[in-house]
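Trainee: Mind looking at a prediction? Sequence and model below.
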Amino acid sequence: MSDSQESSEPLVDEDFATPEEIATAQEENVEELEALPVISAKDGTTTPRRMQTGALDSLKSGLDAVAAVRAAAKQHSDARAQAKQLKKELDKSKETLAHRLDVDRNYDKILAEQKAVIQKGNEGIARAEAAIEELETKKSELDATLAQKKADDEAAIRPYRELMESTKGRSDDAARALAEIRRAVKTADQQVADTAKRREQRIAAANRAVDNAQERLRKVESDLNSLKGSSTASPNALSKMQSELVAERAHLDAAREDVGRVTAECQQLVDNAQTHLWTQKQSLETAERAADDAKREADGRREEYESLYNKAMGGQKEIEARIAEVEKDIDARQTERAEQAQVVFDAQALVDEADDIHSTPEVTKNLQDAIATGKVELEKRQREVDALAAEERQLRESTRAQRFLFIGVAAVAIVIIVLIVSFFALPH
């Protein structure tokens, strides 16, 4: 230190300085601060200032070395990519030049060959178009034939279809009538059973009435005989009992007459119901015959119509099959025409290209000059790439120690940070 520095006031009261005090006094005396030790803010340990400055300088130089190597590598890579793109463009230009030179050398041959191809292709197109025109005419004729066939068939089978529909309608009507008569027969049969059951019930009731009248008559006769044998019976009581006897005999006679009348009436009802049932059964037989006849006629007319219809459809399908074959031939000819047209187009494109190349020798000359210039430029770029590669290798070798030191310090710092984090993460 100088004499003025030695006689100046001390920067701090103690032999150690905190980082804040160093920052405050740095402008006053940097050299004196560098000589002072620094107190760590974490554990209170001291480190000479010059040692910390040297470590920081080493890290900074290592970081600068890594950055310099990366920049050199990028510059080398960019130059190599540019050279590669230039070579690609140059190769493409060479191919174009070779093609132009080849076409120009064989100009007359190319024209002769391709014009022959064009002529042959045009002839093929003409043949295909003629065939297409002929086939389309044939298809139009077949379409007209098919349309007329459909009209004729429709006119021919229409009466049979109408007859089939009318006979089917009569068959359906007969079937519905048969169903109604069957329901009537079932109802009449049920009526016969119900009437017979009611007859039995009414006759049984009439017979029970006769039995009851006879029982009452016997009781009256017994009571009258008892009065006649009694010495105490009065004439008035005997007169009344005799009147009751006469009345019971009259009731018995009436009950016996009711039995005959009820029997006759119920039998008549049963006979009427059976007659109605017989009539309905006769009608059922008639309806069944009519329904069977109508169904047979309808089936016959349907089979007749279906036979004529299938025959007509068969004839139409034959014409449709012929039309499909013609359409298939038309498609094949159209494909042939398109193929020949493509051949002509490709050949004409070759002729046009040959004419263009043959008539523009200056383009070929310009392309040759451009290729020569491109070769020179490519050689220049390649020398630059080689120089940059050499610079990158030299820089990598000269900074290897600095970069390895930087990487090592960074790795140690990471380990220390991990250990500190793990330490504070442990339970205390």
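Mentor: That came through fine.
Trainee: Check which helices and strands the longest helix along the chain is in contact with.
Mentor: Using DSSP state H to define each element, the chain has its longest helix at helix 235-359. Packing partners of helix 235-359 (3 or more Cβ pairs under 8 Å, 6 or more residues apart in numbering; DSSP states H and E): helix 49-105, helix 107-228. For every residue, glycine as well, the C-beta is placed using N, CA and C.
Trainee: how about those in CSV, adding mean neighbour count, distance to residue 348 and mean pLDDT?
Mentor: Formatted as CSV, the helices and strands packed on helix 235-359 follow (neighbours: other Cβ atoms under 10 Å; distance: least, Cβ to Cβ, whole Å; pLDDT from 0 to 100):
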stretch, mean neighbour count, distance to residue 348, mean pLDDT
helix 49-105, 14, 15, 77
helix 107-228, 15, 6, 90
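Trainee: Any idea which of those gets closest to residue 248?
Mentor: Smallest distance to residue 248 across the helices and strands packed on helix 235-359 (Cβ to Cβ): 4.3 Å, for helix 107-228.
Trainee: That closest one vs helix 235-359, what angle?
Mentor: Taking axes from the mean of the first three to the mean of the last three Cα atoms, to 10 degrees, one finds helix 107-228 and helix 235-359 inclined to each other by 180 degrees.
Trainee: quick one, helix 107-228 and helix 49-105 angle?
Mentor: On the basis of the same axes, to 10 degrees, helix 107-228 is oriented at 100 degrees to helix 49-105.
Trainee: helices or strands up against helix 107-228?
Mentor: Using 3+ Cβ pairs under 8 Å, 6+ apart, helix 107-228 sits against helix 235-359.
Trainee: Centre of the chain to the helix it packs on, how far?
Mentor: Computed by Cα atoms, centre = their mean, to the nearest Å, the chain-centroid distance of helix 235-359 equals 40 Å.
Trainee: Following element in sequence after that helix, please.
Mentor: helix 361-398 (DSSP states H and E).
Trainee: buried set for that following helix?
Mentor: Neighbour-count burial for helix 361-398 flags 364, 367, 371, 374, 378, 381, 384-385, 388, 392, 395 (criterion: 16 or more other Cβ atoms under 10 Å).
Trainee: Any chance of those in a markdown table with pLDDT and distance to residue 412 as columns?
Mentor: Formatted as a markdown table, these follow (pLDDT from 0 to 100; distance: Cβ to Cβ, whole Å):
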| residue | pLDDT | distance to residue 412 |
| --- | --- | --- |
| 364 | 89 | 67 |
| 367 | 89 | 62 |
| 371 | 90 | 57 |
| 374 | 86 | 53 |
| 378 | 84 | 48 |
| 381 | 83 | 43 |
| 384 | 84 | 40 |
| 385 | 84 | 38 |
| 388 | 81 | 34 |
| 392 | 77 | 28 |
| 395 | 74 | 25 |
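Trainee: Between the residues you listed, which sits nearest residue 252?
Mentor: So of the buried residues of helix 361-398, ranked by how close each gets to residue 252 (Cβ to Cβ), first place is residue 367, at 150.3 Å.
Trainee: got a list of what that closest one touches?
Mentor: Taking Cβ atoms under 8 Å, 6 or more residues apart in numbering as the criterion, residue 367 is in contact with 93, 96-97, 100.
Trainee: now do residue 222
Mentor: Counting by Cβ under 8 Å, 6+ apart, residue 222 has no contacts.
Trainee: Distance-wise, check it relative to residue 148.
Mentor: With distances taken as Cβ to Cβ, to the nearest Å, residue 222 is found 111 Å from residue 148.
Trainee: hmm, back to that, can you state the direction angle for the longest helix of the chain and helix 361-398?
Mentor: 100 degrees.
Trainee: Quick one: mean pLDDT for helix 235-359?
Mentor: The average pLDDT within helix 235-359 is 90.
Trainee: and residue 310, how far is that from residue 302?
Mentor: Taken as Cβ to Cβ, the span from residue 310 to residue 302 is 12 Å.
Trainee: Give me the more crowded residue out of the two.
Mentor: For the pair residue 310 and residue 302, the greater number of neighbours falls to residue 302 (18 against 10), based on other Cβ atoms under 10 Å.
Trainee: Leaving out the residues flanking it, which one is nearest to the more buried one?
Mentor: Closest residue to residue 302 apart from its sequence neighbours, by Cβ to Cβ, 6 or more residues apart in numbering: residue 164 at 5.2 Å.
Trainee: ok, residue 79 touching residue 382?
Mentor: No. Look at residue 79 against residue 382 with Cβ atoms under 8 Å: they stay out of range, at 9.3 Å.
Trainee: List just the nearest of the buried residues of helix 361-398 to residue 181.
Mentor: Using Cβ to Cβ as the measure, the one of the buried residues of helix 361-398 that approaches residue 181 most closely is residue 367, at 106.8 Å.
Trainee: before we move on, the earlier item: could you dump the buried residues of helix 361-398 into TSV and include distance to residue 205?
Mentor: Formatted as TSV, those follow (distance: Cβ to Cβ, whole Å):
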residue	distance to residue 205
364	137
367	135
371	137
374	136
378	137
381	137
384	139
385	136
388	137
392	136
395	139
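Trainee: Out of the contacts of residue 367, the closest to residue 423 would be?
Mentor: Taking the contacts of residue 367 together and measuring to residue 423 by Cβ to Cβ, the closest member is residue 93, at 67.6 Å.
Trainee: What residues does the closest residue to the closest one other than its chain neighbours make contact with?
Mentor: Distance criterion Cβ to Cβ, 6+ apart; nearest residue to residue 93, sequence neighbours excluded, is residue 371 at 5.3 Å. Contacts for residue 371 (Cβ under 8 Å, 6+ apart) come out as 90, 93-94, 97.
Trainee: Kindly report the same for residue 276.
Mentor: Counting by Cβ under 8 Å, 6+ apart, residue 276 makes contact with 188, 191.
Trainee: So it versus residue 291, what's the distance?
Mentor: From residue 276 over to residue 291 the distance is 22 Å, taken as Cβ to Cβ.
Trainee: Is residue 323 in contact with residue 141, as I believe?
Mentor: No. Using Cβ under 8 Å, residue 323 is not in contact with residue 141, being 9.9 Å away.
Trainee: circling back: wait, which of the helices and strands packed on helix 235-359 is closest to residue 331?
Mentor: Closest approach to residue 331 among the helices and strands packed on helix 235-359 is made by helix 107-228 (9.7 Å; Cβ to Cβ).
Trainee: Off-centre distance for that closest one?
Mentor: Put simply, helix 107-228 sits 39 Å off its chain's centre (Cα atoms, centre = their mean).
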